[in-house]
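A.B. asks: Here's my sequence, what's the structure:
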Amino acid sequence: MKNKAFIAALVVILISAFFISCGKSTKPKKQIDTKPVSVKKFDTPPGADPSVTAEQGGEGFKGEGWETAVNYNIAGDSNAIKGGTFTMRIPDFPNTLRNMGKDANSYVNNLMEFGLMYEGLLGQDPVTEEWIPGLATHWKISDDKKQFWFRINPNARWADGKPVVAEDVVASWKMLVDPGILEAYSNILYGTYEQPVAESKYIVSVKTKELNWRQFLYFAGSMRVLPAHYIGGISGKEYLEKFQFDAIPGSGPYILLKEDINKGQSVTFRRRSDYWAEKERFNTGTNNFDAIKLEVITDESLAFEKFKKGDIDVYSVNRAQWWAERFDFDEFKRGLVARYRVFNENPNGVQGLVFNMRKPPFDDIKVRKAVTYLWDRVKFNEKLFFKQYEMEYSYFPGSVYENPNNPKIGFSLDSARMLLEEAGWKEKNSEGYLVKNGKVFELDLPFDGGPGQERYLTIFQEDLKKAGIKLNLKQIDGSTRFQLGNERNFTIMVTAWTGLRIPNPESSLKSNTADAPNTTNWPGIKDARIDELCDLYNITFDKKERIKIVREIDGIACNYFGYGFGWYAPFQRIAFHNKFSYPEWILPRTNDYLFTCVLWYYDPEKAAEYDAVKADPNKKIEVKPEDQKYWLKVKEQEEASGK
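C.D. replies: Predicted structure coming up:
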């Protein structure tokens, strides 16, 4: 009964927007003046190759003994309109337009990977995260969970018109494990599989060398498939050179043409007129704009000014001060520009102070706790951040993986002094600084955040002085900070990590990562129980049990006080020109503002109203409340139903 109640409630939430918008409208509409494009060279008939039998995945394939999904949730608005241009800002031009190998980690590369150009074998339900079709219609897992099969959709086509086939999957895997792509992470990760086998034109299988529940996820969901007729038969080194700034056509809904690459300035994705999955359920209401332009603007203030002028359609407001102080302009007051705080479950990473536990003085937990007591995050939030943030108390802040019993340390000068005295820091010199064995308690704190970060670090510096600790602030650049952390060449530092949607605790908390360079275990945590739990986590296929395991890991790790935790925003702050429409949820459940270009769409009625109001200073557009909490309501429904 609980499940039925949850499903009924969720259906109401998901389709409410549809019924609201069903009425006919006579409002003025602005003409769409853009069109999709085609680069098709090969005219492959639709459907399966008639020479391939049903048993081999061809026409008539029944899928008996296989898994698939049909009635899954959709990510977009079923009323979305195709067309128009959407302009976003990126801070840097990408170092490459490849999606694999060295340097393929920019905003542009990520959007390619999100599905604009390249697709995975499977997708995930945008609400439940269950597996749904992608390039493959069906999938199968062996009883020992170490072999996977996929049946590729016979209708899947590359942008050039050739069919997507099993050999494309094999070629993609071969490239990922080729050392020549200069991406050790991919080499290692995909090296945990045996070479995939094209069992037929449409069926591909792969065996994993180790038992790990994430192995299916990495192969089915994370790996992007490239055309074998482009990358087959060439080495990783040749791939890097040949496709450095020549984007390989993918199977996704967009293409990146050479004439749309303005090196150092912008790139523009064009929507394809012949996308094979245009009518597939997973594409409903998504990939709507005919053109998505990514303009390079390195300076943040300049980017905001260009946004105000309308040169950029959407802007991610990363600073609380700007949110509070920089929206006192006419376009915002009249609703031409609107803004939202979208509360969702985009993963938050650890940020704050990191202590090097390998050497004095932070090899003493009393000292680590004492300095944490002096890290007055609440004061920063109230005085500098306009009370915009939540405090972190976890390696997995704000997620289901956070241990609710973690220590909740707040500012306490008395507690800090007591712990420092217990640690042997009892005497003070004439300047008021603590001395032990003739040595002053003095710390160098490297940081790379500029004046904004220096504001709260100066407060921290003053509070440390009250306890007798001398803190020297050392401004460095981001790459130097990262190098210091990776080489363990620091005592205390400020850092911030991005969050993972699916935790991987062994990469940052297992003992073998503590002293090895170039891992994210910067504090140096070593714990036998964490090691056991990490191994158990890898072979636990039940999500509820995995949550319990990670919570235990979190509790153990937090009690080491390797970090003085910072703060996080449980929302995405976005501002935009009010001429677009979007699904009721505005952004995906677990992603950020970059997905506006995937989910939003050009609305001719809104665009006409926008132009009319812009032309008449006496008019304004009504806007919705700033705080949008659709995903919080879904989460409440899930929790009420026991999910």
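A.B. asks: only C-alpha atoms for contact and neighbour calcs from this point on.
C.D. replies: Fine.
A.B. asks: Out of all residues in the chain, which is the farthest from the middle?
C.D. replies: Going by C-alpha atoms, centre = their mean, the residue of the chain most distant from its centre is Ser430, 50.6 Å out.
A.B. asks: May I have the secondary structure class of that one?
C.D. replies: The local conformation at Ser430, judged by DSSP: H, G, I helix; E, B strand; the rest coil, is coil.
A.B. asks: So for it, what's the pLDDT?
C.D. replies: Per-residue confidence for Ser430 comes out at a pLDDT of 96.
A.B. asks: go on, Gly452?
C.D. replies: pLDDT recorded at Gly452 is 87.
A.B. asks: burial of it, as a residue count?
C.D. replies: 11 (other C-alpha atoms under 10 Å).
A.B. asks: likewise Glu64?
C.D. replies: Glu64 has 7 neighbours, counted by other C-alpha under 10 Å.
A.B. asks: and it, that one's in a strand?
C.D. replies: No. The assignment for Glu64, made by three-state DSSP, is coil rather than a strand.
A.B. asks: what about it, distance to His138?
C.D. replies: Distance of Glu64 to His138, computed by C-alpha to C-alpha, to the nearest Å: 10 Å.
A.B. asks: Check Glu454 too.
C.D. replies: Applying C-alpha to C-alpha to Glu454 and His138 gives a distance of 53 Å.
A.B. asks: Those two: which has the busier surroundings?
C.D. replies: His138 (25 against 17).
A.B. asks: measure the more buried one to Trp158 for me?
C.D. replies: In this structure, His138 and Trp158 are 19 Å apart, going by C-alpha to C-alpha.
A.B. asks: Stretch 63-70 spans what distance, first to last residue?
C.D. replies: Length of stretch 63-70, first residue to last, C-alpha to C-alpha: 13 Å.
A.B. asks: For Ser222, which non-adjacent residue is spatially closest?
C.D. replies: Here the nearest residue to Ser222 in space, its sequence neighbours aside, is Gly120; by C-alpha to C-alpha, 6 or more residues apart in numbering that works out to 6.6 Å.
A.B. asks: just for this protein, where's the confidence low?
C.D. replies: Counting by pLDDT under 70, the chain contains low-confidence residues at 1-25.
A.B. asks: ok, back up a step: can you tell me which residues contact the residue nearest to Ser222?
C.D. replies: Residues in contact with Gly120 (C-alpha atoms under 8 Å, 6 or more residues apart in numbering) are Gly134, Leu135, Ala220, Gly221, Ser222, Met223, Arg224, Val225.
A.B. asks: give me every residue that touches the last one.
C.D. replies: The reference is to Val225. So, once contact is read as C-alpha under 8 Å, 6+ apart, Val225 ends up touching Tyr118, Glu119, Gly120, Leu121, Asp168, Val169, Ser172.
A.B. asks: what about the strands in the stretch 51-200 of the chain?
C.D. replies: Secondary structure of the stretch 51-200 of the chain (DSSP state E, counting those that start in this stretch): strands at 85-90, 122-124, 131-133, 136-141, 147-152, 197-198.
A.B. asks: by contact count, what packs against the shortest one?
C.D. replies: The contact analysis (3 or more C-alpha pairs under 8 Å, 6 or more residues apart in numbering; DSSP states H and E) places strand 197-198 against helix 166-176, strand 203-207.
A.B. asks: Please identify the buried residues of stretch 159-178?
C.D. replies: Neighbour-count burial for stretch 159-178 flags 159-178 (criterion: 16 or more other C-alpha atoms under 10 Å).
A.B. asks: distance between the ends of that stretch?
C.D. replies: 25 Å.
A.B. asks: what's the spacing between it and its chain's center?
C.D. replies: Once both centres are worked out by C-alpha atoms, centre = their mean, to the nearest Å, stretch 159-178 turns out to sit 25 Å from its chain's centre.
A.B. asks: Check stretch 66-75 too.
C.D. replies: Distance, stretch centre to chain centre, for stretch 66-75: 23 Å (C-alpha atoms, centre = their mean).
A.B. asks: when you give positions from now on, start the count at 589
C.D. replies: Happy to do that; since the first residue is 589 now, the last one works out to stretch 654-663.
A.B. asks: Give me the domain ranges for the chain.
C.D. replies: Taking automatic domain parsing as the domain assignment, the ranges for the chain are 619-871, 885-933+1158-1229, 939-1156.
A.B. asks: need these in JSON lines with distance to Ala879, can you?
C.D. replies: Below are those laid out as JSON lines (distance: least, C-alpha to C-alpha, whole Å):
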{"stretch": "domain 619-871", "distance to Ala879": "5"}
{"stretch": "domain 885-933+1158-1229", "distance to Ala879": "9"}
{"stretch": "domain 939-1156", "distance to Ala879": "29"}
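A.B. asks: Please name whichever of those domains is nearest to Phe877.
C.D. replies: For the domains of the chain, the distance to Phe877 is smallest for domain 619-871, at 4.8 Å, taking C-alpha to C-alpha.
A.B. asks: what about that closest one, how long is it end to end?
C.D. replies: End-to-end distance (C-alpha to C-alpha), domain 619-871: 24 Å.
A.B. asks: which of the residues in the helix or strand hosting Phe968 are buried?
C.D. replies: Element membership for Phe968 (DSSP states H and E) is helix 965-971. Of the residues in helix 965-971, those with enough neighbours to count as buried (16+ other C-alpha under 10 Å) are Arg965, Val966, Phe968, Asn969.
A.B. asks: which residues touch the helix or strand following it?
C.D. replies: Tracing the chain past helix 965-971, the next element assigned as helix or strand by DSSP H and E is strand 978-979. For strand 978-979, the external contacting residues (C-alpha under 8 Å, 6+ apart) are Arg965, Val966, Phe1153, Gly1154, Trp1155, Tyr1156, Ala1157, Pro1158.
A.B. asks: thought the first one was touching Gly1152?
C.D. replies: No. Counting by C-alpha atoms under 8 Å, Arg965 does not reach Gly1152; the two are 9.6 Å apart.
A.B. asks: Ok, which of the helices and strands packed on strand 785-786 comes nearest Thr1101?
C.D. replies: With C-alpha to C-alpha as the measure, helix 754-764 is the member of these nearest Thr1101 (23.7 Å).
A.B. asks: And what about Arg858, helix, strand or coil?
C.D. replies: Here Arg858 is strand, with the state taken from three-state DSSP.
A.B. asks: any idea how far it lies from Gly671?
C.D. replies: From Arg858 across to Gly671, the span is 10 Å (C-alpha to C-alpha).
A.B. asks: Which neighbours do the two have in common?
C.D. replies: Counting by C-alpha under 8 Å, 6+ apart, the shared contacts of Arg858 and Gly671 are Pro624, Asp878, Ala879.
A.B. asks: Scan those and report the most crowded one.
C.D. replies: The residue in the shared contacts of Arg858 and Gly671 with the most neighbours, by other C-alpha under 10 Å, is Asp878 (26 neighbours).
A.B. asks: follow-up on the earlier one: between the contacts of Val813, which is nearest Phe804?
C.D. replies: Proximity of these to Phe804, judged by C-alpha to C-alpha, is greatest for Leu709, which lies at 10.7 Å.
A.B. asks: Now for the closest one, how many residues are close by?
C.D. replies: As a burial measure, Leu709 scores 24 neighbours (other C-alpha under 10 Å).
A.B. asks: For it, grab phi and psi.
C.D. replies: The phi and psi torsions at Leu709 (degrees, to the nearest 10) take the values phi -70, psi -40.
A.B. asks: in the stretch 889-1038 of the chain, which spans are strands?
C.D. replies: Per DSSP E, counting those that start in this stretch, the stretch 889-1038 of the chain carries strands over the ranges 902-904, 925-931, 939-943, 978-979, 1015-1016, 1022-1024, 1027-1028, 1030-1035.
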